[in-house]
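# Structure for the following, please:
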Amino acid sequence: MKSFLSDLLSVGLSKVGVIVFGLGYAIVTARYLGPELNGTIATLLVYPSLFMTIGSLGIRQSTAYYVGKGVYNDQVIKRAVVQLWYLSSIISVVVSYYLVKYFSNSGQDIRLTLLAVAPIPFTLFITYNSGLFLGKNQIQVFNKINWLPPLFKLMTVVVLVVILNYSIEGALFASVLAPFLMSIILIGRNSFIEGFSLKFEGKAIKSLLSLGSVYAIALLIINLNYKIDVILLDKLSSAYETGIYSKGASLIEYLWQIPMLLSTIVFARSASSQDNYAFSMKVTQLLRISIVIVGLACIALAILSDFIIQLLYGDAFASSASVLVYLLPGVLLLTIFKVLNMDMAGRGKPWISLKAMIPALFLNIVLNYFLIPTMGANGAAIASTISYSLAAFLFIIVYSREAGIDALIILKYSKSDFEPLTNGVKKVLAKF
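Residues are numbered from 1 along each chain as shown. Below is the predicted model:
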């Protein structure tokens, strides 16, 4: 438990960094670009973001799994990962460029389209590399990979947009420079430069792809459920409504850092756990803690939504407050999926998530087609909440069967649930 609390603190500080720096970027772009240009950015980046889920091939997750189980040594994994990175980067850039140019209303400007797809190779390199650290339970190193790029991104956007007034081009270039700098750092870290070799690792590549492709498909469906609103707003509404939705939804992404704080540790430890049932019982305990924390945060955001939105983004985004409120119930319920799914993914069973997410995605698409034309951004938010709620309900049933734990036990609270947190707080306070 001591090592768990140490990892929890480390991940917690990392998530604070991700939230603070990411929120700083969102504030700058909101204040200096306005709703329409923010909507343009959202539509330009949605396809590269989605396709990188497929382009990543689930390599981070499969790498973490095989490293955690000790199936391949580090040198073999590094070479296999780099060789996969070459191919996936080329395919991802080409396909994403095509999708942005021909399927997005904002893809007519060649400069913006190129800037939108330029981060892909560097982001994929970071994603692939991080699986090594995750598989070794090197949580603190893994955390730096998470919070440094948002810091670089914030610093760049301040210089280019605020000081040099490069508008949307500056905001997009910040998305390129941040992963580029992180990639340069990682090349020299953990001797990853050894991976750039002519020795072909066919067996390891096959193993990584066989498991990773399943992770990639599962992640694509999950992320598509999160991003489909932006795609359909681009088609059925305006850049203004897309911008309003993107800022309201962006706060939700930071709220999700709470369960993701726990999920990072859950995945790493699940990948190397020898007693699945005992570990799943710990995961359900973490879930119950997450629900309380996220629930309290949701109540606070609902009460203060108007004040928070205008304080952060300005009066031009006042309508984003209602988007935020409509999304909160679904976000709370989807915490169930986010925490429990990491246990299944860590066991090498990412396909389990599809049983909940495919029906939820279908429902999300149907509801968006009905609600966006009449309600705009608010309609997209309502569709998402209903979809997230369905996903949570279905997944708790699926997880209950897979883990062999009754659904009522998963959600039943006890006094012992919060002992790890209270004991950890007492130990920290005792040091002072």
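
# Could you use CA atoms for every contact and neighbour count after this?
Fine.

# Which secondary structure elements does the helix or strand hosting Glu253 sit against?
In this assignment (DSSP states H and E), Glu253 forms part of helix 239-255. Applying 3 or more Cα pairs under 8 Å, 6 or more residues apart in numbering; DSSP states H and E, we find helix 239-255 packed against helix 2-55, helix 202-236, helix 276-313, helix 320-346, helix 377-403.

# Most tightly packed of those?
Comparing these by mean neighbour count (mean count of other Cα atoms under 10 Å), helix 320-346 comes out on top with a mean of 24.

# Could you pull up the mean pLDDT of that one?
Helix 320-346 carries an average pLDDT of 89.

# got the buried residues for the helix holding Glu253?
239-249, 251-252, 254-255 (16 or more other Cα atoms under 10 Å).

# Low-confidence ranges, the stretch 201-350 of the chain, go.
Residue ranges of the stretch 201-350 of the chain with pLDDT under 70: 211, 258-275, 346, 348.

# follow-up on the earlier one: ok, which of the helices and strands packed on helix 239-255 comes nearest Thr63?
When the helices and strands packed on helix 239-255 are compared by Cα to Cα, helix 202-236 sits nearest Thr63, at 6.6 Å.

# Sort out which residues of stretch 154-173 are buried, please.
154-158, 160-162, 167-173.

# Among those residues, which one sits closest to Thr53?
Of those, the one sitting nearest to Thr53 (Cα to Cα) turns out to be Leu172, at 19.5 Å.

# chain center to the host helix or strand of the closest one, what's the gap?
Per DSSP H and E: Leu172 is located in helix 167-187. Computed by Cα atoms, centre = their mean, to the nearest Å, the chain-centroid distance of helix 167-187 equals 18 Å.

# for it, packing partners?
Using 3+ Cα pairs under 8 Å, 6+ apart, helix 167-187 sits against helix 2-55, helix 110-117, helix 120-135, helix 139-157.

# I'd guessed Ala383 sits against Leu367; true?
Yes. Taking contacts as Cα atoms under 8 Å, Ala383 lies within contact range of Leu367: 5.3 Å.

# Which residue, neighbours along the chain excluded, lies closest to Val325?
Ala302 (5.5 Å; Cα to Cα, 6 or more residues apart in numbering).

# Spit out the contact partners of that neighbour.
By Cα atoms under 8 Å, 6 or more residues apart in numbering, the contact list for Ala302 reads Leu324, Val325, Leu328.

# 10 Å instead?
Leu296, Ile308, Ala321, Ser322, Leu324, Val325, Tyr326, Leu327, Leu328, Pro329 (Cα atoms under 10 Å, 6 or more residues apart in numbering).

# Just the C-alphas of stretch 301-316, formatted as PDB.
Only the C-alpha atoms of stretch 301-316 are listed here, as PDB (Å, rounded to 0.1, in the frame of the first residue of the first chain):
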ATOM      1  CA  LEU A 301     -19.000  22.800 -11.300                       C
ATOM      2  CA  ALA A 302     -22.800  22.700 -11.700                       C
ATOM      3  CA  ILE A 303     -23.300  25.400  -9.100                       C
ATOM      4  CA  LEU A 304     -20.500  27.600 -10.300                       C
ATOM      5  CA  SER A 305     -20.700  26.800 -14.000                       C
ATOM      6  CA  ASP A 306     -21.600  30.400 -15.200                       C
ATOM      7  CA  PHE A 307     -18.900  32.000 -13.000                       C
ATOM      8  CA  ILE A 308     -16.200  29.500 -13.900                       C
ATOM      9  CA  ILE A 309     -16.800  29.600 -17.700                       C
ATOM     10  CA  GLN A 310     -16.800  33.400 -17.800                       C
ATOM     11  CA  LEU A 311     -13.900  33.700 -15.500                       C
ATOM     12  CA  LEU A 312     -11.800  31.300 -17.600                       C
ATOM     13  CA  TYR A 313     -13.000  32.000 -21.100                       C
ATOM     14  CA  GLY A 314     -14.800  35.300 -21.100                       C
ATOM     15  CA  ASP A 315     -18.300  36.500 -21.900                       C
ATOM     16  CA  ALA A 316     -18.100  35.200 -25.500                       C
END
